[in-house]
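Asks: Sequence first, predicted model second:
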Amino acid sequence: MRHLLSILFITLLLASMAWGQEPQSVGPTHVTYPTKIDISKPLRDLARPFEEWESGTLDREVRNHPPHDFPQCPEGLDGALQTAPATRTLGPPTLNFEGVNNNCGCLPPDTNMDVGPNHIIQTVNIHFDIFDKSGNSLMGVTPMNSLWSGFGGGCEFGNDGDPTVNYDEAADRWIIEQFDFATAQCIAVSMTPDPLGAYFRYAFPTPGNDYPKTGVMTTCYTGTIRNFSVPFSMDAVAWQRDSMLVGNNAAMLTFSMTQLLPGIDGFLPSDLDGPTAAPAGRDATYLGHQDGPNRLAIFELTNVNWAVPTGTFTGPTFLPVNAYSTIFPGVPQPNTNQNLDDFAGFSLYRLAYRNFGGHESMVTTNSVDVNDFPDHAGIRWYELRDTGGGWAVRQQGTYSPDSDHRWMPSIAMNGNGDIMVGYSVSSNKTFPSIRYTGRLAGDPLNQMTFAEGLIVAGSGSQTHPAGRWGDYAAMQIDPSDDNTFYFTTEYIATTGSSPWQTRIASFAPNNGAPLVDITVTPSVPVPVIIPAGGLTLDMVVTVDNNGSSTLNAQVWNTVSIEGNEVGPVGGLGVTNINVPAGGQFSTTFSNFEFPAGLRPDSFIFNWKVGTFPNVQLDRALFVFIKSAGPTFTKAGGDDWGLGPVQEVEVPEAFTLEQNYPNPFNPSTQIRYGLDKQTHVKLSIYNTLGQEVVTLVDGVQDAGFQTVSWNGTDNLGQQVSAGVYVYRLEAGNNVQIKKMTFTK
C-alpha cells in the first residue's frame with residue numbers, strides 16, 4: 001500500500017470539525033464506466049504473463065501505520081476487556097493446509113480468500129490459487145495478472161496487487177479484483193460457478209486508488225478505496241452488480257466519506273453472508289472506527305437506481321463504544337528488535353453482514369492496545385444489530401487472555417449466530433503464529449467463550465526493516481452449510497527478511513455439532529392421549545457430550561402449561577452428571593402424572609444441561625396432549641364440553657416449523673400444522689432445485705403432523721452432506737425452509 005503521509009496529516013487536522021455533526025445525505029461525487037470490457041478465455045487455459053518484479057526482496061509497500069495518536073485516546077485499561085476465562089474447548093481445525101507462500105519477494109502478502117460450494121480461492125500479493133474443499137490445488141500458484149492476460153494496459157502488465165476475492169452466493173459466481181495503482185480497479189466476474197472457467201473482465205478508472213476492500217450485497221458490489229488524488233479522500237463505491245453478472249456495461253458510483261467526516265481512514269464495505277438477501281432499502285453499509293472519541297462511524301447507501309444511475313449516501317451515524325487505545329509501536333517477535341506493524345488505525349476486513357429476518361447483524365473487529373501493560377496488542381470485536389430502529393451495538397469485547405500480542409483479526413458470524421475471529425499472535429517468546437477463538441449465539445454477551453484454538457505455530461521472525469505485516473486477513477462462511485468458518489492469514493516459519501507463508505483452515509463450533517446434545521424419549525408416543533382414568537409416563541433423557549473435555553454439570557427440567565390450572569406432578573428433579581469427552585449419559589425421569597379429567601392442552605417440558613447460571617444448552621420437548629373421557633368441569637362450574645370427547649390441537653393457520661435438530665445426522669423431524677383437512681405434499685430438494693425425496697403426498701386431517709427424514713432419496717440412497725430445502729404444499733398454501741445435513 002502506497003500513501004502520502006503529508007496528505008493524511010493535513011486531513012487529520014480537520015477531524016475536530018466533525019466530532020459532533022449530524023448525518024447528512026449526498027449524491028455520488030462521480031459516476032464512471034469501465035474503459036474496457038471483454039471476456040477471458042477459461043482461466044485453466046490462460047497463459048501466465050510476465051510479472052513486474054525481479055528476484056530478491058521487493059519493497060512493494062512501505063510501512064503504513066496511519067497516524068491515529070489523538071490526545072483523546074485513553075491511557076487506562078481497555079474498557080471492554082474480557083475478564084472471564086474462555087473455558088469451552090475447541091477441537092482442531094477440520095481442514096488445515098498451506099496456502100500461497102512468498103513467491104514474489106513482496107511485503108506484505110495482503111492475504112485474502114473466499115469459499116464457494118466446491119472451491120476455495122486465495123489471493124495474495126501478487127499471486128493466487130484455486131483449491132478444492134479438500135485443500136488440493138487445482139491451478140497452481142499463478143500471477144494475479146494472468147486473469148487479465150490479453151486484456152492490455154495496467155490490468156495485464158501492472159500486477160500491482162492489493163487483491164480481493166468474493167463469492168456471490170445468490171448468483172453462484174466469483175468476483176476477483178486487484179488494482180492498477182492510482183489508475184484503475186481491475187474486476188473479473190466468473191461467467192459460471194466454475195472458478196476455472198471464463199470471466200467477464202472490467203477496468204474501472206479510479207485515479208489515486210489504493211487499499212481496495214470489496215463485498216457483495218443484493219443490489220450492488222461494494223467497495224472502499226483510499227483515494228490519494230489531492231485532496232485525500234476515503235471513498236465508498238458501489239458497482240452495478242446485475243450488469244456485471246452478464247457482462248454488460250456497468251456503472252460505478254463513488255461517494256466521498258471524507259467529505260462528510262474529514263480525517264477518516266481504513267473504512268470497510270458491508271459483505272453479505274448467508275442465503276437471505278438484504279431487505280429493500282439496505283443497498284450497502286460502510287463502517288470504520290475512530291480513536292478519539294472512541295466510536296464507530298456508519299454510512300448508508302440507499303435509493304440506488306442503476307437506470308439513472310444514482311443513490312443516496314447518508315452519514316455519519318456514530319455509535320459510542322467502550323474506551324480503547326490504538327497507540328503502540330508495533331508487535332514484538334523473538335530474537336529480533338524488529339517490531340511488526342499492528343495496523344491498529346484501520347477496521348479490518350471483513351464487515352460481515354447478515355439478514356436473519358427478524359433482525360440484521362454486522363460484525364467487525366480491529367486491533368487495540370489492551371493497556372494492562374504498556375503496548376500490549378489485543379482484539380476488539382463488535383456485533384451490531386438493527387431490529388428496525390437503526391444500528392446499535394449489541395455486544396463488544398476485547399480478547400487478550402495472556403501476555404502474547406494478538407492483532408490483524410478477521411471476524412464472521414454463521415447462520416446460527418455463532419461468531420468466530422481469527423488473528424495473528426506474536427511476542428518476545430512466541431513466533432508469529434495463527435490462532436482463533438469464538439462464541440456460540442446463546443453464550444453470555446461480550447465474551448469469547450471458546451478457549452483459543454491453534455491453526456499453525458510459527459518458528460521464525462520477520463526481520464525486514466519496514467516491519468510490514470498483512471493488511472488483510474479473511475474469515476469466511478461456507479455457503480454449503482452456512483455454519484463452517486474458513487480463515488486465512490500469514491505466519492512465519494523461517495527467520496528472514498520477508499519469508500511469510502499463509503495457511504487456510506476451516507472449523508465449526510464443535511465441528512458443527514452442539515457441544516451438548518439432548519434427546520428426550522417419552523414412554524408413550526407423542527402426541528399423548530390421556531385416557532379417562534389419567535396417565536403416568538416416564539421420559540428417558542440422553543445427553544451426548546460432543547466436546548473434547550469432560551462435562552461436569554446438571555440436568556434438570558421445568559414444566560410450563562399453556563392455559564391449564566391442573567398440571568402433571570412428579571418426575572421433576574435435578575440430576576448431577578459426569579460425561580467424558582465423546583461420551584453419553586442417560587437417565588429416566590419417572591412418574592409424570594396426568595390426572596383424570598385433565599383439559600386438552602399443551603405441556604412444554606424444558607430440559608436444561610449445565611451449571612447455573614452457565615447453561616450450555618436449553619432444549620424444549622413439546623408434548624401435545626389429547627384427552628378422552630367424561631364431561632370435563634372446571635372448578636366454579638364452567639362447562640368445558642360434553643363427553644366423551646377427543647380433542648386434537650388445531651392451529652389457527654397453516655404453519656411449517658424449522659426442522660429439529662438442525663444441522664442433523666442421521667435424521668431430523670419436520671413438524672407442520674394444518675388448520676383444515678387438505679391435500680398435503682412435503683418434498684425435499686437440493687440447492688439446484690432437484691427433487692430428492694417426497695415424504696408426504698396425500699390428504700391429511702387438521703392438526704399437527706410430524707414427519708421424519710433420514711437423509712435418503714426416493715431410491716433409498718444416502719444423500720451427501722449439505723444444505724437442502726424442504727417445501728410444504730397444503731391446498732393453496734406453500735412454505736419453504738432450509739436444513740443442513742452433516743456427515
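Replies: That came through fine. Numbering: from 1, shown residues only.
Asks: Per-residue confidence, the spatially most central residue of the chain, what does it come out as?
Replies: Centroid-nearest residue in the chain, with Cα atoms, centre = their mean: Met413, separated by 2.7 Å. Here the pLDDT value assigned to Met413 is 96.
Asks: Over to the one 5 residues further on?
Replies: According to the predicted model, the pLDDT of Asp418 comes to 90.
Asks: CA atoms of stretch 76-95 as PDB?
Replies: The C-alpha coordinates for stretch 76-95 follow below in PDB (Å, rounded to 0.1, in the frame of the first residue of the first chain):
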ATOM      1  CA  GLY A  76      -6.200   3.300  31.200                       C
ATOM      2  CA  LEU A  77      -7.200  -0.400  30.900                       C
ATOM      3  CA  ASP A  78      -9.300  -1.200  27.800                       C
ATOM      4  CA  GLY A  79     -12.900  -0.600  28.600                       C
ATOM      5  CA  ALA A  80     -14.200  -3.900  27.100                       C
ATOM      6  CA  LEU A  81     -11.500  -6.200  28.200                       C
ATOM      7  CA  GLN A  82     -12.900  -9.700  28.800                       C
ATOM      8  CA  THR A  83     -12.000 -10.900  32.300                       C
ATOM      9  CA  ALA A  84     -14.000 -14.200  32.400                       C
ATOM     10  CA  PRO A  85     -11.800 -17.100  31.100                       C
ATOM     11  CA  ALA A  86     -12.800 -18.800  27.900                       C
ATOM     12  CA  THR A  87     -13.100 -22.400  29.000                       C
ATOM     13  CA  ARG A  88     -15.100 -24.200  26.300                       C
ATOM     14  CA  THR A  89     -12.700 -26.400  24.300                       C
ATOM     15  CA  LEU A  90     -12.300 -26.100  20.500                       C
ATOM     16  CA  GLY A  91     -11.400 -29.200  18.500                       C
ATOM     17  CA  PRO A  92      -8.700 -29.000  15.900                       C
ATOM     18  CA  PRO A  93      -9.500 -27.400  12.500                       C
ATOM     19  CA  THR A  94     -11.300 -29.900  10.200                       C
ATOM     20  CA  LEU A  95      -9.200 -28.600   7.300                       C
END
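Asks: Check which residues of that stretch are buried.
Replies: Under the neighbour-count criterion of 16 or more other Cβ atoms under 10 Å, stretch 76-95 has Asp78, Gly79, Ala80, Leu81, Gln82, Ala86, Arg88, Leu90, Gly91, Pro93, Leu95 buried. Where C-beta positions appear, they are placed from N, C-alpha and C, glycine not excepted.
Asks: just how off-centre is stretch 276-284 within its chain?
Replies: Put simply, stretch 276-284 sits 17 Å off its chain's centre (Cα atoms, centre = their mean, to the nearest Å).
Asks: Span of that stretch from start to end?
Replies: 15 Å (Cα to Cα, to the nearest Å).
Asks: Over to stretch 490-502?
Replies: Its start and end residues considered, stretch 490-502 measures 4 Å (Cα to Cα).
Asks: Can you point out the buried residues in it?
Replies: Buried-residue list, stretch 490-502, by 16+ other Cβ under 10 Å: Glu490, Tyr491, Ile492, Ala493, Thr495, Ser497, Ser498, Pro499, Trp500, Gln501, Thr502.
Asks: With stretch 252-266 instead?
Replies: For stretch 252-266, the neighbour count (16+ other Cβ under 10 Å) marks 252-258, 260-266 as buried.
Asks: Next, check those against the strands and list the overlap.
Replies: In this view, these that belong to strands under DSSP state E are Met252, Leu253, Thr254, Phe255, Ser256.
Asks: farthest-separated two in the buried residues of stretch 76-95?
Replies: Gly79 and Leu95 (36.4 Å; Cβ to Cβ).
Asks: Only alpha carbons, please: show stretch 101-108 as CSV.
Replies: As requested, the backbone C-alpha atoms of stretch 101-108 are provided in CSV (Å, rounded to 0.1, in the frame of the first residue of the first chain):
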residue,chain,number,x,y,z
ASN,A,101,3.6,-18.5,0.1
ASN,A,102,6.1,-15.8,-0.8
ASN,A,103,6.8,-16.4,-4.5
CYS,A,104,7.4,-12.8,-5.3
GLY,A,105,9.7,-11.2,-2.7
CYS,A,106,6.7,-9.0,-1.8
LEU,A,107,6.0,-7.5,1.5
PRO,A,108,3.3,-7.8,2.9
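Asks: now that stretch: mean pLDDT?
Replies: On average, the pLDDT along stretch 101-108 is 86.
Asks: Doesn't Ile434 lie inside a strand?
Replies: Yes - read with DSSP: H, G, I helix; E, B strand; the rest coil, Ile434 is one of the residues of a strand.
Asks: Could you find the closest non-adjacent residue to it?
Replies: Distance criterion Cβ to Cβ, 6 or more residues apart in numbering; nearest residue to Ile434, sequence neighbours excluded, is Ile455 at 4.1 Å.
Asks: Same question for Pro479.
Replies: Glu169 (4.7 Å).
Asks: so how far is Pro509 from that neighbour?
Replies: Noted for Glu169: a distance of 21 Å to Pro509, by Cβ to Cβ, to the nearest Å.
Asks: next one: Arg468
Replies: Arg468 is 33 Å from Pro509, by Cβ to Cβ.
Asks: Done for today, thanks.
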